[in-house]
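Enquirer: got a predicted structure plus its sequence, pasted below:
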Amino acid sequence: MLREEKASVRDFYEGFGWSTDSTGTYNDTAAFVDLRPVLGRYYRDTQNRVGRFLERRGGYFLDAGSGPISQPESVLYSAGYRYRVCFDLSSRALAEARARLDAHGLYVCGDLANLPFRDGCFDTILCSHVLYHVPEDEQAGALREMYRTLRRGGTCAVIYIWPRALRLRGFTSAPEVDRAVPPLYFHPHEYKWMRRALPRQWKTDVRVWRSVGIGFTRRLIADNVLGAVLLRIVYWLEEAFPHALARLGRYPLILIRKSESG
């Protein structure tokens, strides 16, 4: 039986998050993403930023908490792999992912804190916007589970969020989104916690993924040329200072590389 927090996440996505509106947009995307055209290039560039650190080909690519795989750039991450293993608590997410990947995917419903896979079976692991939805006391264990299933020499990429970007934690929606969105459990830890959770013997690198989120863009980015220029400046700063903005910004990209010696 699932813990209350995990059941909250599953029920949110089964009943709301992966349903679509009249435009075909997922409710989760409409709630948590600024969909104005001015953001398009910034979103593409930051999605492609992840791909730079992932091996382009291999046998098995684990998408840990895959969702429906709605981003075209994300689909390309596993194009050179034999299979993309889509792993999620939500059966609806897996059905949506299957519709996109078909035979290129393998689909497994389960719990990130208890991966049902053997040691070292994945060449690459992606965990995007999932770890902070795991109960706070199980997140370190989920990191260890991903490391356990990563092959020697492989890379795991985790997209996370820092709590100072939020005013609330627990069974709630982020403060800047529409209050009509149903409650969703999340618990982001601080940077110092993350550093403690990543054992020193692991090869890790904490870089910026996106330094700004929906609260910043809705308030400060106009949907015009000036807004586009400001976003290019933000992106340039992220490229120039990836480690500083990983700590100061909203979304870090945590890279874990397993040594050849294990």
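Expert: That came in fine, so what should we check first? Residues are numbered from 1 along each chain as shown.

Enquirer: residue ranges with poor pLDDT in the stretch 151-262 of the chain?
Expert: 164-179, 262 (pLDDT under 70).

Enquirer: so which residues of it form helices?
Expert: 191-197, 214-220, 225-240, 242-248 (DSSP state H, counting those that start in this stretch).

Enquirer: again, but for the stretch 1-150 of the chain
Expert: So, for the stretch 1-150 of the chain - with DSSP H, counting those that start in this stretch - the helices run 4-12, 27-32, 40-51, 72-77, 91-101, 139-149.

Enquirer: figure out which of those helices is closest to Tyr132.
Expert: helix 139-149 (7.4 Å; C-beta to C-beta). Placement of C-beta: from N, CA and C, glycine included.

Enquirer: residues making contact with that closest one?
Expert: The contact list for helix 139-149, computed with C-beta atoms under 8 Å, 6 or more residues apart in numbering, reads 62, 64, 112-115, 117-122, 125, 127, 131-132, 134, 156, 158, 187, 189, 197-198, 202, 256, 258.

Enquirer: is there a quick PyMOL command that grabs whichever of the residues you listed are buried?
Expert: Buried residues among the contacts of helix 139-149 (16 or more other C-beta atoms under 10 Å), as a PyMOL selection:
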select buried, resi 62+64+112+113+115+117+120+121+122+125+127+131+132+134+156+158+187+189+197+198+256+258
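
Enquirer: filter the contacts of helix 139-149 down to the ones in strands?
Expert: 62, 64, 122, 125, 127, 156, 158, 256 (DSSP state E).

Enquirer: for the residue lying closest to the last one once chain neighbours are set aside, give me its contacts.
Expert: Leaving aside its chain neighbours, Ile256 sits nearest to Cys156 (4.2 Å; criterion: C-beta to C-beta, 6 or more residues apart in numbering). Taking C-beta under 8 Å, 6+ apart as the criterion, Cys156 is in contact with 124-127, 146-147, 150, 255-258.

Enquirer: just those now: which is nearest Gly24?
Expert: For those, the nearest to Gly24 is Leu126 (23.9 Å; C-beta to C-beta).

Enquirer: which strand residues bridge the closest one?
Expert: Asp63, Ala157 (DSSP bridges).

Enquirer: and Arg148, how far from Ala31?
Expert: 33 Å (C-beta to C-beta, to the nearest Å).

Enquirer: same question for Thr204.
Expert: 31 Å.

Enquirer: CSV for the ones in strands among the contacts of helix 139-149, including distance to Tyr26?
Expert: Output for these, formatted as CSV (distance: C-beta to C-beta, whole Å):
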residue, distance to Tyr26
Leu62, 22
Ala64, 19
Phe122, 26
Ile125, 23
Cys127, 19
Cys156, 25
Val158, 22
Ile256, 28
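
Enquirer: nearest to Gly227, of these?
Expert: Val158 (29.4 Å).

Enquirer: that closest one against Ala246, yeah?
Expert: No: with contacts counted by C-beta atoms under 8 Å, Val158 stays clear of Ala246, the gap being 11.9 Å.

Enquirer: shared neighbours, those two?
Expert: Leu253.

Enquirer: can you give me the neighbour number for Arg247?
Expert: 11 (other C-beta atoms under 10 Å).

Enquirer: list the contacts for it?
Expert: Contacts of Arg247 by C-beta under 8 Å, 6+ apart are 162, 191, 206.

Enquirer: same thing but at 6 Å, please
Expert: By C-beta atoms under 6 Å, 6 or more residues apart in numbering, Arg247 lies in contact with Tyr191.

Enquirer: middle-most residue in the protein, spatially?
Expert: Ser128 (1.4 Å; C-alpha atoms, centre = their mean).

Enquirer: tell me the spacing between it and Arg219.
Expert: For Ser128 relative to Arg219 (C-beta to C-beta), the value is 25 Å.

Enquirer: what's the answer for Ala180, then?
Expert: 20 Å.

Enquirer: buried residues, stretch 221-232. List them.
Expert: 221, 227-228, 230-231.
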